[in-house]
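pasting a predicted model and its sequence here:
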Amino acid sequence: MDSSLYGWFEPGRTIHVSARDPHVAPHALRSALTRHGTVELTLEEAFFVSATHCDFYAASAEGVRFLVRQYRREPLLPSDDIFPREIHQHLNLPIGECRRPGTYFLVWQQLDATPLRTLLDKAPTPTPVDRALILLPPVLRLLEALHEQGLAAGQLLLDRMVVGPSLDVAIEMVESPHRLGTALRDSGQAPGSVHPRTFSSFPGVHDMDTELYAFGTLAWQLLTGALPPASAKTHYRAAIPLRGFRPDLTPGIAPLIENAMSIRPTIAYSSPRAFLDALSRAAKRIQDLRPHTIRGLQVSAETHIGIAKRHVMPINQDAILAASAGGELALLLVSDGVSTADYGSGDIASEFVRSEAFRAWRQIEDAELESTTQRVDFLKQIIDKANRAIVQYINGQYSPFLGDPSRVMAATAVLALVAFGRVTVVSTGDSPAFLVRDGKIERLNRDQNVLTLSLVAGADLDEILMSGWPDALASCVGTFAIDDTGHLVPSSVEVDALEFTLAPDDRLVLCSDGLTDYIADNAATGAEIIRRVVSFDNIPAITALELILLGNRGGGGDNVSVALCYVSDEETPIIVSAEDIAVAPRRMGNIE
């Protein structure tokens, strides 16, 4: 990092450090500084730079390693002798200091331990949930040791934590531990690393809510390698869900972590231990859940133009499919055509997706679906073929193409394939998929919009939010390049894929954003309404109509579409409409 960005010292500079006063920092008596009096340290690489302080690696001439923090002015630190000695094994407190005109340095001895980040880097990418869970219990022991002494961690940063040989965890570069019940203070902490109340005009105090938030944030960091993106523009809350960074997460994990990072996490958990117990139970259930023979599947799909949307666009631009066979195989699709197209139209684009899905279903008996890779490829081919069909249509109508590429027709697509007791979900765009299980609902895919994909790529949150189009689609069916002759050439469509084992009584919901945008004022309330409706009725055809009605009751400002699949332990009769019999073989089962 460039330490000169805010006028801090540059690597290579030297400072002369003396031990802190043993009356206020008795632990400094046991440090390397007391044996040498004043010690000259050479500043090495800066590893954290902000407007309030800058952190360096440093070393003495003898090769002893230190950590140094430079400030504009000397911070106010309480006497450390109020903390029991056993707390010092968990907290790396400052041992030295250096005063210079206009600046001040605190010095910590670098611990002989392995950084938590190093352990994480050795894990497969992305980090498996079970690997993250191995690292959380030692951190819990640290938190509970602090809480027994009335102290608070405040924040738990992946880059400031180290693990000793006996799996004891310590926090590096702690200026002074906070006391539970003392006021929260904005001291330049990174947004997303501490409870959002910290930045409020009335921040409150360190309590179990703030400690749970810190623990939840660490779980997020272990699974993503970074802090949740937050800023004043998002009220210091995570700008996107955890699944935005980890679309591969098996259902059951992300909501637990997000509950711990809510404004009032103690509503969900009484303590950090209760949070970790919930995570461990969820991980064990995932591990114990084995594919089973599904005796019955019920599917249904419905779509409506939208009572307000029809006055703006008299054509429904959504396309749907729900098909099942033998009570154990099913295919669902919702595709939402982009309504702003000048070249082609959204209904044509979404119909291309539906046609390819229907064609794939008719040939499914010949498809190889034994492995996860094969099932994902089966769904991706539907999207790729639809993408090529869109490009071919535009080339046939507007060649050479001289218009605005962003005005070419396109569509979202979310598909779910149920086979061998598992479900495979593949999506592009922002049409959501949900799982209702054990009375809870969870989003299964992420919005592939500018905000999400830019954050994942490492872009600055505030810059994205100020761009004016954070919600614009960043991936969809209708992706192409333009060659020198003005012809469109199909490009690879970016998709997210997730596969997991189904449990008895699971219920899958695929929908267009015409449902989620109008069923409630916010995503959480909307998801809860969907959960209640889906859980209430055992007939998906009735449920689909109820959801369509709710989307219209909320305004109906967009096309509203849903596709449902209910998993049952009871055999389900195959029902085929006369229209379906005319276009499909009987072996295909139920198609809606």
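Received the coordinates, thanks.

so Asn538 lies in a helix, does it not?
No. Under DSSP: H, G, I helix; E, B strand; the rest coil, Asn538 falls outside any helix and is assigned coil.

how much space separates it from Ala527?
20 Å (C-beta to C-beta, to the nearest Å). Placement of C-beta: from N, CA and C, glycine included.

more neighbours: those two, which one.
Taking other C-beta atoms under 10 Å, Asn538 and Ala527 do not tie; Ala527 has more neighbours (22 against 12).

any idea which helix or strand carries the more buried one?
Assigned by DSSP states H and E, Ala527 falls within helix 523-536.

buried ones in that helix?
Neighbour-count burial for helix 523-536, counted by 16 or more other C-beta atoms under 10 Å, picks out Gly526, Ala527, Ile529, Ile530, Arg531, Val533, Val534, Ser535.

okay, angle between the next helix or strand after that helix and helix 523-536 too, please.
The helix or strand immediately downstream of helix 523-536 is helix 540-553, counting by DSSP H and E. Helix 540-553 runs at 150 degrees relative to helix 523-536, counting by axes from the mean of the first three to the mean of the last three C-alpha atoms, to 10 degrees.

contact partners for Ala497?
Ala497 makes contact with Pro247, Asp248, Val376, Leu379, Lys380, Thr424, Val425, Val426 under the criterion C-beta atoms under 8 Å, 6 or more residues apart in numbering.

pipe those into JSON lines and attach pLDDT and neighbour count per row.
Converted to JSON lines, those look like this (pLDDT from 0 to 100; neighbours: other C-beta atoms under 10 Å):
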{"residue": "Pro247", "pLDDT": "97", "neighbour count": "20"}
{"residue": "Asp248", "pLDDT": "96", "neighbour count": "13"}
{"residue": "Val376", "pLDDT": "98", "neighbour count": "18"}
{"residue": "Leu379", "pLDDT": "98", "neighbour count": "24"}
{"residue": "Lys380", "pLDDT": "98", "neighbour count": "17"}
{"residue": "Thr424", "pLDDT": "98", "neighbour count": "22"}
{"residue": "Val425", "pLDDT": "98", "neighbour count": "23"}
{"residue": "Val426", "pLDDT": "98", "neighbour count": "25"}
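
can you give me the strands in the stretch 51-200 of the chain?
Here the stretch 51-200 of the chain has its strands, by DSSP state E, counting those that start in this stretch, at 53-60, 65-71, 96-100, 103-109, 114-115, 151-152, 161-163, 169-171, 178-179.

with distance to Ala46, mean neighbour count and mean pLDDT added, can I get those in TSV?
Shown next, in TSV, are those (distance: least, C-beta to C-beta, whole Å; neighbours: other C-beta atoms under 10 Å; pLDDT from 0 to 100):
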stretch	distance to Ala46	mean neighbour count	mean pLDDT
strand 53-60	5	21	94
strand 65-71	9	20	94
strand 96-100	16	17	91
strand 103-109	13	21	93
strand 114-115	17	15	90
strand 151-152	28	23	93
strand 161-163	19	21	92
strand 169-171	20	22	91
strand 178-179	26	20	89
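
poorly predicted segments of the stretch 1-150 of the chain, please.
Along the stretch 1-150 of the chain, the parts satisfying pLDDT under 70 run over 24-32, 34-36, 78-83, 85.

mind listing the helices for it?
In the stretch 1-150 of the chain, the helices defined using DSSP state H, counting those that start in this stretch lie at 116-121, 129-148.

could those go into TSV alongside distance to Ala226 and mean neighbour count?
Below are those laid out as TSV (distance: least, C-beta to C-beta, whole Å; neighbours: other C-beta atoms under 10 Å):
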stretch	distance to Ala226	mean neighbour count
helix 116-121	11	16
helix 129-148	14	18
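
among these, which comes closest to Leu76?
For these, proximity to Leu76 was assessed by C-beta to C-beta; helix 129-148 is nearest, at 21.0 Å.

mind giving me the packing neighbours of that closest one?
Packed against helix 129-148 by the contact rule (3 or more C-beta pairs under 8 Å, 6 or more residues apart in numbering; DSSP states H and E) you find helix 116-121, strand 161-163, strand 169-171, helix 208-224, helix 272-288.

between the contacts of Ala497, which is nearest Val129?
Distance to Val129 across those (C-beta to C-beta) is lowest for Asp248, with 10.2 Å.

domain ranges for this protein, per the record?
Annotated domains of the chain cover 3-109, 114-288, 296-443+475-591 [automatic domain parsing].

can you say which of those domains is nearest to Ala459?
domain 114-288 (9.4 Å).

related to what we said a few turns ago, mind putting the domains of the chain in TSV, distance to Ser467 included?
Listed next are these as TSV, based on distance: least, C-beta to C-beta, whole Å:
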stretch	distance to Ser467
domain 3-109	23
domain 114-288	12
domain 296-443+475-591	14
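
of those domains, which approaches Met466 most closely?
domain 114-288 (8.2 Å).

go through the buried residues of helix 523-536 and name the one nearest Ala360.
Checking the buried residues of helix 523-536 against Ala360 with C-beta to C-beta, the nearest one is Val534 at 26.1 Å.

quick one: contacts for the closest one?
For Val534, the contacting residues are Val436, Ile441, Arg507, Val509, Thr543, Leu547, Leu564, by C-beta under 8 Å, 6+ apart.
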